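Undergrad: Sequence first, predicted model second:
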Amino acid sequence: MRFRSTRLLVPVVAAMAAASLLTLGTMGCGNSVVELTQITTSCGSSTPVTTQQNSSGASSGPAYSGTSIAGKVMAGAAPLIGAAVQVYTAGTSGNGSSGMALLSSALTTDANGAFTVAAGYMCPSASSQIYVVARGGKAGAAATSANSTTVLMAALGACNQVPGAVVANEVTTVAAAYALSQFLSAGANVGSSSTNLAGLENAVATAQALADVTAGISPGPMFAGNGSSPAAKIDSVANLLNSCVASAASGSACSSLFVDTTPAGGSAPSNTLDAVLDMARNPEGDVGRLYKLATGSSAFAPVLAAAPSDWTLFVNYTGGGMNSPSGLGVDSSGNLWVANYFNVASLFSPLGKPLLANGVTGFGLSASYGLAVDANNNAWIPNEPSLSVAGNSVSELTSAGQSVSGSGGFTAGGLDYPTGVAIDTDTSVWVVDYGNSHVTHLSSSGQALSGTVGYTSALFAFPVSAAIDGSHNVWLANQSGVAVTKMSADGSQFTNYACCDGPSAVAFDRLGNAWVANYYGNSVSEISSCGVIVANGTDVGGGIDHPEGIAIDGAGNVWIANFRSPSISELAGASASVPGAALTPSGGLGTDAALLEAYAIAVDASGNVWITNFGSNTLTQFIGLASPIKTPLITLPATP
C-alpha cells in the first residue's frame, strides 16, 4: 500500500526529464512573471466568465400563517426587561439583504423578559426562514437603565416548524452570528439569494444545532452525536457579550467589546450582534483582550480554560466508516462525500451526521485519494490497487450507497493507479493516472473517450490531481515536477507552466485564474486566465505548510489545507488589491481544531469550510468562515 507520505518521496527522474521540455504558453497575453501588486488578472472583455444558477429556485407556494410563539429574552440568568422584539423572515435578494418584519409593531418584553407572538403572522411561504431579534432593554430589575447597544438574536427555522417556546440570549446570538455570518449584515438583516435557499436553510439548521433555541444553551438537540461540542467556546463568547449586555451602554465592558472586535481597517461595531459577527468574520482578532473580557462574566458554562488560538468555531466529526479520509466533495443538498484510503466511502449530512452508518464498502473501492461529485450528486472515486482489491478503477456511488459502476467500478481507458478525478460541465469525467502519468477521459456512463490507454505527454511528471477550466481544458498538478500541464479536451495539445514546486492540487476561480498548491514549496502559485504566471511559488506566508488541498470561495479568496501543520490558510483572490496576499496569521487559522494531515478542503453553499484529516480519521467543519459557493463544484466556482 502507498500512503501519500510515501508517494511524496517518489524519485523525480521522470520529472527532471519532463522539466527539460517545459514551455510557457502565451495564450495572447505574454508569458512574463510579474509581481503580485502589478498584475491584472483579467484578459479583457473576451475572457470567458461562467455564471451558474443554483437549481433550487425561490420558495414557491402560498403564504403561510404562522403559529403562536411564547418567547423570552434573557441576559444570562436575568430577564431582559423592556426590550423591543421583532420577528423577521429572511430576505431573498442577496446575502445580507433586508429581512421582512412579520409583526406590524415590535413587542416589548415584560418584567420576566417574556413576550408572546400571536398566531396569524404571514410568512411568504411555509418554508420561509424566520428569526427573532431583541433590541435594548435592561438586564434584570436591579439595572438602572436600558442598554441601547444590546441586540440579541435567535434563528427559529422554517415558518411551519417554529417551536412554540423560544429563548433569545447571548448563546443563541453567538450560534446565529457564526452559522449565518455569510447571510447576516449590520442591522440584524438576514438574507440570501433566491437561488441559495438550501444554503440558508442549512445555515439556520447549523445555528439550531449549535444552540437550543427553546432553552438558550449549547449545543442544541440537532447537534450530531459524532461531533465534538463547541459549547465551551460558544459559552465564552456568550459571556463576552454578557459583560456588555449586563452593564450600561456607556460602560467600559461595552466600549472594550466594540474596540476589540473592530476589524483591521474597518468600522467599529455599535451593538452586541454586530460585535460577534465581526468576530466570526475576523477570527484572528485581538484574542487575548477578548478572552480576558469574557472572563469578567460567569453567566454561561462550560467555558474555555485558556485563550484560544483564534475565534474560529469548529466541529470535528468522526464515524461514517472514515479510515484515512482523503478526497472530499459537497453535493447540491450540502451533504459531504468523503473518500478514504482504506476501501470505504463516507457520506455526511450538512450537520455532520453520517448518512451511511459505516460508509460504503465494496464496488471496487480501494486505496482512494480523490473524489468528485457530479450534477446528479453521485460520487466518483478513483481506486488504486491494494492488497485486497485489484483497483485501477473508478467507482460511481449514489447517495443511497448504491453503485452505478457495477461491482468493481469502471475499468476502461487504461487506468493505472488512478489518484485524481474531475467532472466537466458536459458530464464527462477526467481521471489522473499516477502510475503511468496518463489521463483517462470517461463518459458519464464510464466508457473510455480517450482510447484504450488514455492521453499522455512527456511533460507529465507523475500528476496527482486535475481541474477543468471554462474551456474544457484539463489542468494537471505534476507533483514530481515544477510545472502544471494544461491539456486540450481532445488530448492533442499540451502546455506546461513552470510555476511551481511539487504542485499537489489546482483550483480555478470564477474568472478562470488557476491557483496551485505547492506541496514542496510551501506556497501557492497563480496563473491568470490568459496564461500569465502571476506568482511562481513564492512563499506568501499565512501559515502555508506543505499545502495538499486548495479551494476557492464565492468571493474568490483561496483556502488551503496544510498537510504538515494543524491549520488552514486563506489568501486574497485575484480581484484584491494585492492578489495572493495572506489573510491569515503566520501560523494559519484553526490550530485549536488539531487538524492532522489535512488533505482536502471544500466550501459549501452555507459558507462552511470542510477539511478531511488523513491522520486522525476526522472531518472538520469551520462554521461560516468563507463566502458560499454553488455545489456540487463543477469546473469554475459560482456564487449560488
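TA: Arrived safely, thanks for sending.
Undergrad: And the strands in the stretch 451-600 of the chain?
TA: 455-456, 463-468, 474-478, 484-487, 494-497, 503-508, 514-518, 523-527, 533-535, 547-552, 558-562, 568-571, 598-603 (DSSP state E, counting those that start in this stretch).
Undergrad: Which strands border the first one, and is each parallel or antiparallel?
TA: To tie it back to what came earlier, the one meant is strand 455-456. When pairing is defined by DSSP bridges, strand 455-456 lines up against strand 438-442 (antiparallel).
Undergrad: Between strand 474-478 and the partner strand, find me the angle.
TA: 150 degrees (axes from the mean of the first three to the mean of the last three C-alpha atoms, to 10 degrees).
Undergrad: which residues touch strand 438-442?
TA: With contact meaning C-beta atoms under 8 Å, 6 or more residues apart in numbering, strand 438-442 is reached by 394, 410, 412-416, 418, 428-433, 448-450, 453-456, 460, 463, 466, 474, 476, 487, 491. For every residue, glycine as well, the C-beta is placed using N, CA and C.
Undergrad: Please save the CA atoms from stretch 239-257 in PDB.
TA: Once non-C-alpha atoms are left out, stretch 239-257 reads as follows in PDB (Å, rounded to 0.1, in the frame of the first residue of the first chain):
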ATOM      1  CA  ASN A 239     -20.000  35.600  28.400                       C
ATOM      2  CA  LEU A 240     -18.100  38.200  26.400                       C
ATOM      3  CA  LEU A 241     -21.400  39.600  25.100                       C
ATOM      4  CA  ASN A 242     -23.000  39.300  28.500                       C
ATOM      5  CA  SER A 243     -20.300  41.500  30.000                       C
ATOM      6  CA  CYS A 244     -21.700  44.300  27.900                       C
ATOM      7  CA  VAL A 245     -25.400  43.400  27.900                       C
ATOM      8  CA  ALA A 246     -25.500  43.300  31.700                       C
ATOM      9  CA  SER A 247     -23.800  46.700  32.000                       C
ATOM     10  CA  ALA A 248     -24.500  50.200  30.900                       C
ATOM     11  CA  ALA A 249     -24.100  51.100  27.200                       C
ATOM     12  CA  SER A 250     -21.600  53.700  28.100                       C
ATOM     13  CA  GLY A 251     -19.600  51.400  30.400                       C
ATOM     14  CA  SER A 252     -16.100  50.000  29.900                       C
ATOM     15  CA  ALA A 253     -17.400  46.500  29.100                       C
ATOM     16  CA  CYS A 254     -19.300  47.700  26.000                       C
ATOM     17  CA  SER A 255     -16.600  50.100  24.800                       C
ATOM     18  CA  SER A 256     -13.900  47.400  25.200                       C
ATOM     19  CA  LEU A 257     -16.100  44.900  23.300                       C
END
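Undergrad: how about it: buried residues?
TA: Residues of stretch 239-257 classed as buried: 239-249, 253-254, 256-257 (neighbour count, 16 or more other C-beta atoms under 10 Å).
Undergrad: which one of these sits closest to residue 94?
TA: residue 241 (27.2 Å; C-beta to C-beta).
Undergrad: now the closest one, nearest residue through space, not along the chain?
TA: Take residue 241 and drop its neighbours on the chain: the residue closest to it by C-beta to C-beta, 6 or more residues apart in numbering is residue 170, 4.3 Å away.
Undergrad: thought that neighbour was touching residue 152?
TA: Yes. Counting by C-beta atoms under 8 Å, residue 170 sits close enough to residue 152 to count as a contact (6.7 Å).
Undergrad: can you confirm residue 279 is in a helix?
TA: Yes. Under DSSP: H, G, I helix; E, B strand; the rest coil, residue 279 sits within a helix.
Undergrad: so how far is residue 153 from it?
TA: Separation of residue 279 from residue 153 (C-beta to C-beta, to the nearest Å) stands at 14 Å.
Undergrad: Next one: the nearest residue to residue 99 once chain neighbours are set aside from residue 278, what distance?
TA: Spatial nearest neighbour of residue 99, chain neighbours left out: residue 88 (3.6 Å); criterion: C-beta to C-beta, 6+ apart. Distance, residue 88 to residue 278, using C-beta to C-beta: 21 Å.
Undergrad: now the strands for the stretch 151-300 of the chain?
TA: Under DSSP E, counting those that start in this stretch, the stretch 151-300 of the chain gives strands at 151-158, 165-168, 184-185, 189-190.
Undergrad: Pick the most buried one from these.
TA: strand 151-158 (a mean of 26; mean count of other C-beta atoms under 10 Å).
Undergrad: CA-only coordinates of that strand in CSV, if you can.
TA: Taking Å, rounded to 0.1, in the frame of the first residue of the first chain, the C-alpha atoms of strand 151-158 are listed here in CSV:
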residue,chain,number,x,y,z
VAL,A,151,-29.0,43.3,20.2
LEU,A,152,-29.8,39.6,20.7
MET,A,153,-31.0,37.0,18.1
ALA,A,154,-32.3,33.5,17.7
ALA,A,155,-32.7,31.6,14.4
LEU,A,156,-36.1,29.8,14.6
GLY,A,157,-36.1,27.8,11.3
ALA,A,158,-38.9,27.3,8.7
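Undergrad: Spell out which strands sit alongside it in the sheet and which way each one runs.
TA: With DSSP bridges as the test, strand 151-158 pairs up with strand 129-135 (antiparallel).
Undergrad: Run through who's touching the partner strand.
TA: 66, 69, 71, 73, 80, 83-90, 99, 102, 106, 109, 123, 150-159, 162, 166, 168, 176, 188, 190, 200-201, 204, 271, 273.
Undergrad: What residues does residue 160 make contact with?
TA: Applying C-beta under 8 Å, 6+ apart, the residues near residue 160 are 64, 126-127.
Undergrad: export those to TSV and tack on secondary structure, pLDDT and distance to residue 522?
TA: Putting the contacts of residue 160 into TSV (DSSP: H, G, I helix; E, B strand; the rest coil; pLDDT from 0 to 100; distance: C-beta to C-beta, whole Å) gives the following:
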residue	secondary structure	pLDDT	distance to residue 522
64	strand	95	53
126	coil	96	51
127	coil	96	46
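Undergrad: Neighbour-wise, give me the winner out of the residues you listed.
TA: residue 64 (19 neighbours; other C-beta atoms under 10 Å).
Undergrad: For that one, name its beta-bridge partners.
TA: Counting by DSSP bridges, the residues bridging with residue 64 are residue 123.
Undergrad: Could you tell me which residues make contact with it?
TA: Contacts of residue 64 (C-beta under 8 Å, 6+ apart): 122-126, 128, 159-160.
Undergrad: can you do 7 Å?
TA: 123, 125-126, 159-160 (C-beta atoms under 7 Å, 6 or more residues apart in numbering).
Undergrad: Ok, residue 598 next?
TA: By C-beta under 7 Å, 6+ apart, the contact set of residue 598 is 548-549, 561-563, 568, 611, 613.
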